[in-house]
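Trainee: this one's sequence-less:
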């Protein structure tokens, strides 16, 4: 498809991963499906699309886990600081 634009058409996995992280988990499968279709319409090869989407999903999941771990650590540190202030 001529004139296809967007991160999936460009193969911009970093942007797609950021979008996936920003979405609620229940909306991520639909975004992945739309990104895959945009990639297909842009003429990206199926093998490349599959590999890219697996990589993107892994990156988004790992970053989500890291964000959750950081938030939990921050919460624990806040509780400790409050205990020390008492």
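Mentor: Sure thing, it's come through. Please read these numbers as outputs of a predicted model, since none were measured by experiment.
Trainee: who touches stretch 35-51?
Mentor: 1, 4, 6-11, 16, 52-53, 56 (CB atoms under 8 Å, 6 or more residues apart in numbering). To be clear about C-beta, it is placed using only N, CA and C from the backbone, and glycine gets the same treatment.
Trainee: show me which of the residues you listed are buried.
Mentor: Judged by neighbour count, with 16 or more other CB atoms under 10 Å as the criterion, the buried members of those are 7-9, 16, 52-53, 56.
Trainee: so among the contacts of stretch 35-51, where is pLDDT lowest?
Mentor: Of all the contacts of stretch 35-51, residue 1 carries the smallest pLDDT score, 46.
Trainee: next one: residue 2, what pLDDT does it get?
Mentor: For residue 2, pLDDT reads 55.
Trainee: one more: residue 86?
Mentor: 74.
Trainee: count of neighbours near it?
Mentor: 4 (other CB atoms under 10 Å).
Trainee: for it, give me its contacts.
Mentor: Contacts of residue 86 (CB under 8 Å, 6+ apart): none.
Trainee: what backbone torsions are found at residue 45?
Mentor: Backbone dihedrals for residue 45, given as degrees, to the nearest 10, come out at phi -70, psi 150.
Trainee: what's the answer for residue 6, then?
Mentor: Torsion angles, degrees, to the nearest 10, at residue 6: phi 110, psi 170.
Trainee: nearest spatial neighbour of it, chain-adjacent residues omitted?
Mentor: residue 38 (5.6 Å; CB to CB, 6 or more residues apart in numbering).
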